Structure formats: C-alpha cells, structure tokens
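> Sequence first, predicted coordinates after that:
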Amino acid sequence: MIKRAYTNFLSDHRNDRWLSQVISKTIEPVVEVNMHEGPDLLIGSCLGPLDGSIKNIQAGCKMLFLGENPSRYKPYDDFNLIRKYYDLIVGFR
C-alpha cells in the first residue's frame with residue numbers, strides 16, 4: 001500500500017483525489033496520510049506557496065502535478081527553481 005499526501009491542492013477532497021484513484025487502480029492501493037507522517041509519495045500543486053516547508057517534508061518521492069499552465073503561477077514557471085523542491089514534475093506546458 002502506497003502512503004501518499006497532498007500539498008497546495010484545493011480543499012475539495014472529492015475532486016482533488018482523482019489522481020490517487022488513478023494510482024490505486026493502475027499501480028497499487030493508496031492510503032492518505034498527513035504530509036508530515038513520512039509519505040511514500042507527496043503530490044504537490046501550484047495552488048499554494050513554493051517554500052522551504054516542502055523541502056523539509058520527508059517523503060520517498062515528491063511529485064509536482066501541474067494541472068494548470070505554470071506561466072500563470074509564479075514561481076512555478078521557473079523549472080530550475082521547482083527542481084530544488086520536487087523529484088518529478090508532471091503537467092502541461
């Protein structure tokens with residue numbers, strides 16, 4: 001079972017968690033934990049601050065999912081910067 005957590009997503013749990021459903025159905029079942037409980041996968045979004053708190057989270061993999069155009073969300077349009085925070089960047093550009 002994959003422990004995953006979210007950061008910087010909207011607060012609509014029914015709509016935000018579709019990515020977990022995809023992972024659960026295609027890879028392995030997932031369970032949501034708090035981001036400070038050492039998740040296997042931390043999934044981030046551009047709908048919040050890009051700051052040092054993300055660096056301090058202990059996670060097996062930190063994935064930034066950009067469902068929006070990053071040029072609209074500074075500083076998420078600077079890939080050299082966000083590579084310092086996330087291991088994997090997936091999205092639309």
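Good, I have the coordinates. Numbers count the residues shown, from 1 in each chain.
> Can you pull out the low-pLDDT segments for this protein?
11-16, 93 (pLDDT under 70).
> what are the ranges of the helices in it?
If DSSP state H is used as the criterion, the helices of the chain fall at 13-16, 18-26, 52-56, 79-82.
> who wins for proximity to residue 7 among those helices?
Judged by CB to CB, the one of the helices of the chain that comes nearest to residue 7 is helix 52-56, at 6.6 Å. Glycine gets a C-beta too; all of them are placed from N, C-alpha and C.
> Now that closest one: buried residues?
When neighbours are counted by 16 or more other CB atoms under 10 Å, the buried residues of helix 52-56 are found to be residue 54.
> Switch the helices of the chain over to a markdown table; also include distance to residue 4.
A markdown table is the format used below for the helices of the chain (distance: least, CB to CB, whole Å):
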| stretch | distance to residue 4 |
| --- | --- |
| helix 13-16 | 12 |
| helix 18-26 | 6 |
| helix 52-56 | 15 |
| helix 79-82 | 19 |
